[in-house]
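Trainee: I would like to see how this sequence folds:
(one chain, ligands or ions: 1)
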Amino acid sequence: MDNNEGFCGVSSPQGRVLPAVCLAGKNDRYILSNGVEIPCLGYGTYMVPNNKVGEDALRGAIEMGFRHIDTATSYHNEDMVGRVMAESGLPRSDFFITSKLNNPDQGYESTLEAFERSLAWLGTDYLDLYLIHWPRVAGTEEVWEERVAETWRAFEELYRAGRIRAIGVSNFLVHHLEGLARHASIAPMVNQIEHNPTYQQRETVSYCEEHGIQLEAWAPLGRGHLFDNPDVVALAERKGKDVGQICVRYALQKGFVTMPKSNRPERIRSNSEVFDFALDKDDMALLDSLNTDDCYTFHPDRLDEWAERVSRAHAESGVA
Ligand SMILES: NC(=O)c1ccc[n+]([C@@H]2O[C@H](COP(=O)([O-])OP(=O)(O)OC[C@H]3O[C@@H](n4cnc5c(N)ncnc54)[C@H](OP(=O)(O)O)[C@@H]3O)[C@@H](O)[C@H]2O)c1
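Mentor: Numbers count the residues shown, from 1 in each chain. A predicted model of the protein is given here:
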């Protein structure tokens, strides 16, 4: 690994030194609180269509060496992920598969059933990581904590039975994590949150770092909007890299797992070519300075905006 000083043992904002792993390639691993190893870079499949376009994109990613695949029941492509994995001829144990429980399936029994459906679609008998996708579900906001507690009881049971190697949450803010902590006997190993230079969720990040919860950054490219950000564009030009590479590298240097999404092979490849350069302190400070509080895609506590944003995102992407 060239020119990569400062990347091993990244310091968190609280000064805590994060696990001293040197990441030199997409399948280098972070170690979760239960000892399970997770490849630092995944292939994100939100809006990767369940058809030939999606299959070709995922097949290409696997050929490029991706082994960590991030899917979810709500992406409607778990069966496509299962097909392409099986077709690859690689052993199941080569892959790290994350899926996420769909919101309407929250609850004890419904989680157990939804988990079995996900396994069947994926053509596997275990998950590497299973996440509660969102803390609050539209229509049941007042009882979100009870629903999460019941869901987590099922997660713990599946984990103890060896059906899932690691369990976690997604889009949990500090008050959701505290709500979960009131009921959990096993702490979440992961929190997957929206994170990129313009939306850094610092309070949630600090909480997770203090509690040993591995962070994962979704929308590391800001869903594409960072490609027009003049500060990021100028930094990319100075470094001789492109904006996607700067953003992915930023997430990794923060100590996050990340999973940029693209349907296009050339972008999938370039977004993963981030191990031959480093962002120095000034570069990181510049990216840190772009933080805003409201540049989010979906806010976990603003369900009223949800439907509108989801339908706009789907319309823009062309994925139904
Ligand atoms: N836990 C959650 O609630 C949650 C929510 C959303 C996403 N996620 C996960 O995180 C992954 C990534 O997040 P995301 O898909 O929302 O956003 P993202 O990775 O930040 O951005 C994806 C968008 O950027 C475009 N893009 C990718 N590479 C590019 C490049 N080099 N140049 C220009 N444009 C580029 C893609 O278009 P093309 O495909 O046309 O290249 C796509 O429109 C998802 O796929 C999913 O696995 C999780």
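
Trainee: what secondary structure does the residue nearest to Thr140 when sequence neighbours are not counted sit in?
Mentor: Distances taken as CB to CB, 6 or more residues apart in numbering put Arg147 closest to Thr140, at 6.0 Å, once the chain neighbours are dropped. Bear in mind the C-beta positions are built from the backbone N, C-alpha and C, glycine included. Following DSSP: H, G, I helix; E, B strand; the rest coil, Arg147 is assigned to helix.

Trainee: Give me the phi and psi for the closest residue to the ligand within the chain.
Mentor: In the chain, the residue that lies nearest the ligand is Gly44 (2.5 Å; CB to the nearest ligand atom). When quoted as degrees, to the nearest 10, the phi and psi of Gly44 stand at phi -80, psi 140.

Trainee: Just grab the bridge partners of it for me.
Mentor: Counting by DSSP bridges, Gly44 forms beta bridges with Asp70.

Trainee: isn't it right up against Pro260?
Mentor: Yes - counting by CB atoms under 8 Å, Gly44 does reach Pro260; the two are 6.0 Å apart.

Trainee: For the stretch 201-320 of the chain, which residues score under the pLDDT cut-off?
Mentor: The stretch 201-320 of the chain contains residues with pLDDT under 70 at 317-320.

Trainee: ok, now with 50
Mentor: The model of the stretch 201-320 of the chain has pLDDT under 50 over residues 320.

Trainee: Any residues of it in contact with the ligand? List them.
Mentor: 218-224, 227, 244, 259-264, 267, 270-271 (CB under 6 Å from any ligand atom).

Trainee: Counting neighbours, which of these end up buried?
Mentor: Those of those that meet the buried threshold are 218-223, 244, 259-263, 267, 270-271, by 16 or more other CB atoms under 10 Å.

Trainee: out of those, which are inside strands?
Mentor: Trp218 (DSSP state E).

Trainee: now for the buried ones among the residues of the stretch 201-320 of the chain next to the ligand, which pair is the farthest apart?
Mentor: The two members of these with the most space between them (CB to CB) are Trp218 and Ser270, at 19.1 Å.

Trainee: In terms of pLDDT, where does the residue of the chain closest to the ligand sit?
Mentor: If you check Gly44, the pLDDT there is 98.

Trainee: mind listing what it touches?
Mentor: By CB atoms under 8 Å, 6 or more residues apart in numbering, the contact list for Gly44 reads 70, 218, 259-261.

Trainee: Apply 10 Å and report the result again.
Mentor: Gly44 makes contacts with 61, 68-72, 75, 98, 218-221, 258-262, 268, 271, as judged by CB atoms under 10 Å, 6 or more residues apart in numbering.

Trainee: Can you tell me which of the buried ones among the residues of the stretch 201-320 of the chain next to the ligand is nearest His314?
Mentor: Nearest member of those to His314, counting by CB to CB, is Arg223, at 12.3 Å.

Trainee: Arg312 is in contact with the closest one, correct?
Mentor: No - between Arg223 and Arg312 there is no contact under CB atoms under 10 Å: 11.1 Å.

Trainee: what about the helices in the stretch 101-250 of the chain?
Mentor: In the stretch 101-250 of the chain, the segments counted as helices under DSSP state H, counting those that start in this stretch are 108-122, 144-160, 174-181, 202-210, 230-239, 243-253.

Trainee: Comparing those, which comes out most buried?
Mentor: helix 243-253 (a mean of 24; mean count of other CB atoms under 10 Å).

Trainee: What's the end-to-end length of stretch 216-229?
Mentor: 23 Å (CA to CA, to the nearest Å).

Trainee: Use 31 as the first number from now on
Mentor: In the new count, where the first residue is 31, that last one comes out as stretch 246-259.

Trainee: which residues touch the residue of the chain positioned farthest from its centre?
Mentor: Distance from the C-alpha centroid of the chain, by CA atoms, centre = their mean, peaks at Arg268 (28.1 Å). By CB under 10 Å, 6+ apart, the contact set of Arg268 is 276, 313, 316.

Trainee: low pLDDT regions in the stretch 31-180 of the chain?
Mentor: Within the stretch 31-180 of the chain, the segments meeting pLDDT under 50 span 31-50.

Trainee: can you list the residues of it near the ligand?
Mentor: Counting by CB under 6 Å from any ligand atom, the residues of the stretch 31-180 of the chain near the ligand are 74-76, 100, 163.

Trainee: out of those residues, who has the most neighbours?
Mentor: Neighbour counts for those (other CB atoms under 10 Å) peak at Thr75, which has 27 neighbours.

Trainee: mind listing the strands for the stretch 81-230 of the chain?
Mentor: With strands called from DSSP state E, counting those that start in this stretch, the stretch 81-230 of the chain shows them at 98-100, 126-131, 157-162, 194-200, 220-224.

Trainee: what's stretch 337-346 in contact with?
Mentor: 76-77, 104, 168, 253-254, 326-329, 332, 349-350.

Trainee: Put the buried members of the residues you listed into a PyMOL selection.
Mentor: To isolate the buried ones among the contacts of stretch 337-346 in PyMOL, judged by 16+ other CB under 10 Å, type:
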select buried, resi 76+77+104+253+326+329+349
